[in-house]
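Student: sequence first, then the predicted structure:
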Amino acid sequence: MNPSSNPLVMLLDIFRSPTSCFLALHQRGAWGWQPYIVLILSPFLFWGAYFSNVDFTWLSAELSQQLNPEQLELLDSNTLLASEIISDVFGRTLAVLMLAFWFNLAAKPSVHQHGYWKWFAVSSAVMFPAVLGDIASYASLILKHGNVMYYAADLNSLNGLIKLPLTNDWSQFASSLPLLLPWYIVLGYSAVLTWTEFERGQALVISALPWVGYYLIWAIYILVS
């Protein structure tokens, strides 16, 4: 397997040949900034399109059934736009940083050692399919002529399918849980196999454990509280 020949091909290889992508990142860790930059720019484009297309009068009327009057008085399109963009950018950045920390920690027993920022590059590639979710969200928005609630507009999340209202205890959980989680796990699995000598089972556990552990603890917390 040959590494990706240039940064653009590397982005394509995240989808068609992950091993080639991770071989390229092993040689040129700085290329990892490109998927990260696209990953955090994408929410600006999607949410900008959403609030340009949605009927804000209709949106406010729907929200009035879920929020109290004091909360509604503070909401306008610019506030919601900024809130959603900041939430996505912060959430994706935190996920990449924490995933890189986990990979760096979990790979310590390996004879092949890589620095934190190398794993940051890997984590950016692992999260990159979220850009496809943004594209799918935009397509859904156009097909529905903007008549979709903002908390159910992002098809990267489970709530994009089940559309739980803000008043539901599971709404925030569903809005956080990525539909592309299996893809993230597979990409992480491929990266660990490519960069270490670990067996397949060990690589799968390393890739899946942070995701499964985080959402399992969160779900248990909701159930017991």
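Tutor: Alright, I've got the coordinates.

Student: surely residue 137 is in contact with residue 47?
Tutor: No. Using C-beta atoms under 8 Å, residue 137 is not in contact with residue 47, being 9.4 Å away. To be clear about C-beta, it is placed using only N, CA and C from the backbone, and glycine gets the same treatment.

Student: how many other residues sit next to residue 131?
Tutor: 20 (other C-beta atoms under 10 Å).

Student: which non-adjacent residue is nearest it?
Tutor: Distances taken as C-beta to C-beta, 6 or more residues apart in numbering put residue 42 closest to residue 131, at 5.0 Å, once the chain neighbours are dropped.

Student: wait, the one you found sits on residue 128?
Tutor: No. Checked against C-beta under 8 Å, the pair residue 42 and residue 128 is beyond contact range at 9.7 Å.

Student: so how far is residue 174 from residue 222?
Tutor: As judged by C-beta to C-beta, to the nearest Å, residue 222 and residue 174 stand 11 Å apart.

Student: neighbour count winner among those two?
Tutor: Neighbours were counted for residue 222 and for residue 174 using other C-beta under 10 Å; residue 174 has more, 18 against 11.

Student: next one: the more buried one from residue 50, what distance?
Tutor: Residue 174 is 18 Å from residue 50, by C-beta to C-beta.

Student: kindly report the same for residue 202.
Tutor: Here residue 202 is placed at a distance of 41 Å from residue 50 (C-beta to C-beta).

Student: out of the two, which sits in the busier spot?
Tutor: Neighbours were counted for residue 202 and for residue 50 using other C-beta under 10 Å; residue 50 has more, 23 against 16.
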